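Enquirer: Provided below for reference: sequence and predicted model.
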Amino acid sequence: MTGFSDTELTRNAFLGGRLKLWQPRDGYRAGVDPVLLAASVPARAGQTVLELGCGAGAAILCLATRVPDLVLTGVELQPAYVDLARRNAAENDAALEVIGADLSALPAEMRQRQFDHVIANPPYYRPGAHSPANDEGRRTALGEQTPLDTWIDMAARRLAPRGYLHMIQRADRLPDMLAACTGRLGSVEVLPLAPRAGRACDLLILRARKGGRAAFRLHAPVILHAGDRHQRDEDDYHTAVSAVLRQGAPMPWPETR
């Protein structure tokens, strides 16, 4: 994939305008999912963060906007998105190192490093499970090429002891995620995300810890929207979710007892 020209890009505001990102007009465009993922990470200033498959940088730069002084690294397969992530980081004054590589074949130097946090928003669909997009960037972002097991294996290898993985994924991939965590990561928690009260959960955020020994926890779902249907031509997010999306607030993750 060649790089994007400015005419092929739009610049979009995230977190109420605190972060502005260049995105392809017709390629893969970040929605609320990477914002919710970033908000779920309990990172502290000075810690190290790796994003696998960082795309244009939406998730890791949202996290950097909320938590100052993180040491940030992204890995991205597609060269055009590598360039875009670097541009977005520079224009938002974020010190993000972006490495162009296949996550299943990381450079030797990367294989020697460990991180306090690894985050990932892997492709949601198994091969053949959705209609292929015409745009190469969207095809790669949405359609699984590297198995989900490999994503979690690579995350576990790059985590420092007691480090956290956070991953957002479709709810129907939960069995695959739990199987991949077995023997690699523990203290697994799952936070389902439901579009509205009484509706099935489409997405979830998985949290797991390297060396964790706590029992599995399935939390009550976060309800994203108020009401049982969309009634007005405006956002109807619940107050806590709106604070995450518009003000850069952390995700209201349930307390672990």
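Expert: Done, it's in.
Enquirer: Kindly export stretch 189-205 (C-alpha atoms) in PDB.
Expert: Coordinates of the C-alpha atoms in stretch 189-205 are reproduced here as PDB (Å, rounded to 0.1, in the frame of the first residue of the first chain):
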ATOM      1  CA  GLU A 189     -11.900 -10.300  33.400                       C
ATOM      2  CA  VAL A 190     -14.500  -9.600  30.700                       C
ATOM      3  CA  LEU A 191     -16.500  -6.400  30.500                       C
ATOM      4  CA  PRO A 192     -19.400  -6.800  28.000                       C
ATOM      5  CA  LEU A 193     -20.500  -3.800  26.000                       C
ATOM      6  CA  ALA A 194     -24.200  -3.700  25.200                       C
ATOM      7  CA  PRO A 195     -25.700  -1.100  22.800                       C
ATOM      8  CA  ARG A 196     -28.900  -0.700  24.800                       C
ATOM      9  CA  ALA A 197     -30.600  -2.200  27.900                       C
ATOM     10  CA  GLY A 198     -32.100  -5.600  27.000                       C
ATOM     11  CA  ARG A 199     -30.000  -5.900  23.900                       C
ATOM     12  CA  ALA A 200     -27.300  -8.600  23.400                       C
ATOM     13  CA  CYS A 201     -23.700  -7.600  23.800                       C
ATOM     14  CA  ASP A 202     -22.000  -7.100  20.500                       C
ATOM     15  CA  LEU A 203     -18.500  -6.300  21.900                       C
ATOM     16  CA  LEU A 204     -16.400  -6.900  25.000                       C
ATOM     17  CA  ILE A 205     -13.200  -5.800  26.600                       C
END
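Enquirer: Count the neighbours of Ser5 for me.
Expert: If you count neighbours by other Cβ atoms under 10 Å, Ser5 ends up with 7. All C-beta atoms are positioned from the backbone trio N, CA, C, and that covers glycine.
Enquirer: in a helix, that's where Trp253 is, yeah?
Expert: No - counting by DSSP: H, G, I helix; E, B strand; the rest coil, Trp253 is not found in a helix; it is coil.
Enquirer: Please report the distance of it from Gln169.
Expert: According to Cβ to Cβ, to the nearest Å, Trp253 and Gln169 sit 17 Å apart.
Enquirer: So between the two, which is more surrounded?
Expert: Under the neighbour definition other Cβ under 10 Å, Trp253 and Gln169 were set side by side, and Gln169 has more, 23 against 17.
Enquirer: What is the burial count for Arg18?
Expert: 14.
Enquirer: what's the closest non-adjacent residue to it?
Expert: Excluding the flanking residues, the one nearest Arg18 by Cβ to Cβ, 6 or more residues apart in numbering is Thr65, at 5.3 Å.
Enquirer: which residues sit against the strand or helix carrying the one you found?
Expert: Using DSSP states H and E, Thr65 falls within helix 58-66. Residues outside helix 58-66 that contact it (Cβ atoms under 8 Å, 6 or more residues apart in numbering) are 14-15, 18-19, 21, 30, 34-35, 37-39, 41, 43, 49, 51, 54, 70, 72, 74, 88-89, 92, 94, 96, 119, 121, 248-250.
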